[in-house]
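Chemist: Pasting the sequence and the predicted coordinates here, then a few questions.
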Amino acid sequence: MKKRSKKYAEVATKIDPSKNYSIKDAIALVKTSNFAKFDESIDLAFRLGVDPRHADQMIRGAIVMPGGTGKNVRVVVITSGENIKKAEEAGADLVGSEDVIAKIQGGWLDFDRVIATPDMMGKVGRVARVLGPRGLMPNPKLGTVTTDVAKAVSEQKSGKVEYRTDKTGIIHVPIGKKSFDESKIMENFNAITNAIVKAKPASAKGIFLKSLTISTTMGPGISIDTFEALDI
């Protein structure tokens with residue numbers, strides 16, 4: 001069994017593991033954890049009543065968090081022609097075409113998102129084996145394959161997050177930093193919860209939102225009342 005720190009234990013004593021907290025109380029409680037030396041992320045874990053083995057029950061999407069994420073997202077754009085200038089002006093960290101692909105092939109991975117225009121996807125395929133396993137492969141469903149590179153870069157920089165069910169039917173997604181005001185965390189909570197609930201597959205039967213937990217990077221999980229979450 002993993003040994004926990006004294007500070008972790010102190011925070012855990014404030015949490016009743018048998019209780020499902022209101023959203024407001026859970027957010028207030030998660031912000032009381034104060035034992036990490038950095039500004040921890042606040043994360044949600046949605047346990048859903050889906051079977052990810054079936055393609056029609058795999059939930060995947062992206063959403064711009066209205067309150068931002070507090071993270072500096074490093075964006076790479078693979079494009080050509082006039083779109084190079086547009087991506088640069090929008091604030092992309094690196095823009096190019098085959099030169100960028102060659103750099104990635106050489107082992108460079110110092111970025112968080114890759115955006116590509118449709119005309120470059122054939123060439124981006126050369127690094128699919130590198131980007132795919134890391135969740136970095138551009139995808140039109142996530143808005144990272146687009147002709148509007150300026151908008152895509154702006155969204156990524158302003159707090160767009162991607163989410164998908166893992167093999168156990170759980171979605172993990174960050175909704176901000178511990179330093180955020182509670183109102184901003186609540187705003188992000190509402191946005192992502194609403195998006196996931198609306199994405200319920202027609203083929204999913206029974207209880208859809210089985211459990212919902214909020215936690216900081218280093219802190220214990222706090223259970224949230226799923227009925228309240230579904231009323232958002």
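Modeler: The structure has been received and is ready for your questions.

Chemist: Can you point out the buried residues in the helix ranked longest in the chain?
Modeler: Ordering each helix of the chain by length in residues (DSSP state H) puts helix 182-198 first. The neighbour-count check on helix 182-198 (16 or more other Cβ atoms under 10 Å) flags 184, 185, 186, 187, 188, 189, 190, 191, 192, 193, 196, 197 as buried. C-betas here are computed from N, CA, C, even on glycine.

Chemist: quick one: contacts for the closest residue to the fourth one other than its chain neighbours?
Modeler: Sequence neighbours aside, residue 67 is the residue nearest to residue 187 in space, at 4.5 Å (criterion: Cβ to Cβ, 6 or more residues apart in numbering). Taking Cβ atoms under 8 Å, 6 or more residues apart in numbering as the criterion, residue 67 is in contact with 159, 176, 180, 184, 185, 187, 188.

Chemist: for those, which one is nearest residue 85?
Modeler: Residue 85 lies nearest to residue 159 out of the contacts of residue 67, by Cβ to Cβ, at 24.3 Å.

Chemist: on that earlier part again, pick out the most distant pair among the buried residues of helix 182-198.
Modeler: That would be 184 and 197, which, of those, are the farthest apart (Cβ to Cβ) at 20.7 Å.

Chemist: Need the residues that contact stretch 119-129.
Modeler: Stretch 119-129 is contacted by residues 78-80, 97-98, 101, 104-105, 114, 116, 131, 137-138, 145 when judged by Cβ under 8 Å, 6+ apart.

Chemist: chain center to it: distance?
Modeler: Distance of stretch 119-129 from the chain centroid (Cα atoms, centre = their mean, to the nearest Å) equals 23 Å.
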